[in-house]
Structures are given as C-alpha cells and as structure tokens.
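S.K.: coordinates only, sequence not included:
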Ligand SMILES: NC(=O)c1ccc[n+]([C@@H]2O[C@H](COP(=O)([O-])OP(=O)(O)OC[C@H]3O[C@@H](n4cnc5c(N)ncnc54)[C@H](OP(=O)(O)O)[C@@H]3O)[C@@H](O)[C@H]2O)c1
C-alpha cells in the first residue's frame, strides 16, 4: 500500500508518518512552513502542485492531517480557516478521487457543543466555534463527495512532536522553566496519546474500514487533573499548576466543556488497545521524539 501524509510536519501527521515508516510502509510526507527532512513541500491550496504531487505519489490512501489548528485563530480569522481547512480539504478530496485513493479526514469532538459528552458516532454535531463548524463542513463534504473515506474524530492529542505546541509539550516546557501555568478545571475530555492514535488509525486503514470512527484516549479527565498527573509522571512541580475556569481564560473561541468521545464502535474492530491518559503519559515518558 502507498500512503501520502499531508501535514506530516505537524503533530498527528508526524506520528502517522513515523508509525508507517516503522511498519516499513511506502510513505510520502509533506510540510508547509516547517521544512522536514525527507518530505515534500505542499500547500493544499496550490491545486496544480497538489494534483501533480498526488499523480506522482499515486497513493492508495491520503491522510488529511494539514490544517489551521489554532482554535482561537480560526475564530478571529474565519475566512482564512475556511480557505485552509475547508477549501484545502476539498482540494485533497478531489485529488484523492482522481487517484482512486481513500481520503482520511482528521475531525474533532469540537463538532459537538459539550453539553453531554462523551459523544458517540451517532450523536448530532452542534459546534460552538468556527473551527468546529468548519470541521462539520469538512465531514459533510467528505461523506458526500469522496469515493472512499474514513472520518476519524479525535481530541486533545499530546505527545512528543517536532514543534512541541500541544498541550502537554507546552506544559512540560513551562514547568521545567519554573513557570506558573493556568489550566481550566471545567473542560472534560479524553486525552489521546499521539503514537497510540497513529497506530490505531493505521490499523483502521489496513482493515479498509469506511465511515466515521472515534479514536481517542479511553479515559475521561478534566484538563487540570490531566496537567497535574503529567507533572507527577514527569517529576515536575505540580504546585505551579493553577486551576481556573474556562471563562477566566477569556479565550476568543468558545470551548465545549463536557466533551470527549465514546469508543464502542472503534473497539469492535480494533485490536490496538486505546490507552487511558495515565498509561499514555507513562508511555510518552518512555518514548523518544
Ligand atoms: N491536535 C489535536 O488535539 C486534534 C484533535 C482533533 C482533530 N485534530 C485535527 O488533526 C489534524 C492535524 O492536527 P495537528 O494537531 O497535527 O496539527 P498541527 O500540529 O498544527 O499540524 C498541522 C499541519 O498542517 C500543515 N499545514 C498548515 N497549513 C497548510 C497548508 N496551507 N497546506 C499544507 N499543509 C499545511 C502544517 O505544516 P507546517 O507545520 O510545515 O506549516 C502541519 O504539518 C488537523 O486537521 C486538526 O484539526 C487535531
């Protein structure tokens, strides 16, 4: 099988790319602004370059891991979010259809309103912010236009990554510098270790699954408790972490508070064990970048 990971310089794309290489798969990865060794430069909005690259790679599967992922930036720059996240994704779907390849869309529990999480694959979306709304548009586009697809929703993905901008990477960096950190105690979700996620995703692809799946950590927690546990696992000072409410943070985009994902459908088909956040953090401690 030939794999094309678009956005392989990012956290999730990077983990997927690495897991595919570990399995000796034929894989091409792309970057956009952060040059990555062995990968190709690609802008999902440069249609002619995209179609040329996909023709050259002739993949069986395209992982759409590219995107504008800062939720508050999407809120302040909705047109740019639409251009990159929605139009860019539509370009990838068109390229996948031309190549007779499966498209894998990375979606999020931010498509839900956070009133009654964790959410099942059958629950109806009701996004609170631009990022979540654009993910809903992407899901609808993929489900109606793609010849072959997987929509994989995940949440609060953490672990080692080249740039180190995920929640836990930033937290560990700040704590190791002795800096105080404010973390909301009212945002509940199911944190997802990136290497566990990528292995599960690759298994879904290898089994030629189609449709919507949830792939996340298997235990629920709030962000504050998660941060404190991370500090303990990594031997850092958890007293630097201060619990606040989401409202105190005055973030531009509204957050779904009671979020997270139910995994029943995914567990029925996967043999990869989805880790809870305690096991995920311990595995991260033992893993290298
Ligand atoms: N992280 C999470 O907790 C989470 C949860 C649910 C869903 N998701 C979704 O999963 C996907 C990957 O997320 P992530 O956390 O890995 O994001 P990330 O670390 O921010 O990576 C984003 C990737 O997109 C690339 N990119 C940005 N603009 C591009 C463009 N115009 N053309 C081509 N590539 C472009 C970036 O390249 P450069 O870095 O080289 O610029 C990078 O490789 C996103 O769709 C995100 O919405 C993430």
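M.R.: Nice, thanks for sending it over. Being a predicted model, the structure only gives us computed values, none of them experimental.
S.K.: which strands or helices does the longest helix seen in the chain pack on?
M.R.: In the chain, assigned by DSSP state H, the helix with the most residues is helix 130-145. Applying 3 or more Cβ pairs under 8 Å, 6 or more residues apart in numbering; DSSP states H and E, we find helix 130-145 packed against helix 71-76, helix 78-81, helix 88-98, strand 102-108, strand 149-154. Yep, even glycine has a C-beta here, placed from its N, CA and C like the rest.
S.K.: ok, and what's touching it?
M.R.: 69, 71, 74-75, 78, 81-82, 85-86, 89-90, 93-94, 97, 103, 105, 107-108, 110-112, 125, 127, 149, 151, 212, 253, 256 (Cβ atoms under 8 Å, 6 or more residues apart in numbering).
S.K.: stretch 213-222 now?
M.R.: Everything outside stretch 213-222 that qualifies as a contact, by Cβ under 8 Å, 6+ apart, is 109, 118-121, 150-156, 184-193, 196-197, 200-201, 204, 229, 260-263, 265-266, 274-278, 280.
S.K.: before we move on, the earlier item: export the helices and strands packed on helix 130-145 as JSON lines, with columns for mean pLDDT and mean neighbour count.
M.R.: Listed next are the helices and strands packed on helix 130-145 as JSON lines, based on pLDDT from 0 to 100; neighbours: other Cβ atoms under 10 Å:
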{"stretch": "helix 71-76", "mean pLDDT": "98", "mean neighbour count": "17"}
{"stretch": "helix 78-81", "mean pLDDT": "98", "mean neighbour count": "15"}
{"stretch": "helix 88-98", "mean pLDDT": "98", "mean neighbour count": "21"}
{"stretch": "strand 102-108", "mean pLDDT": "98", "mean neighbour count": "25"}
{"stretch": "strand 149-154", "mean pLDDT": "98", "mean neighbour count": "24"}
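S.K.: quick one: closest of these to the ligand.
M.R.: strand 102-108 (3.3 Å; Cβ to the nearest ligand atom).
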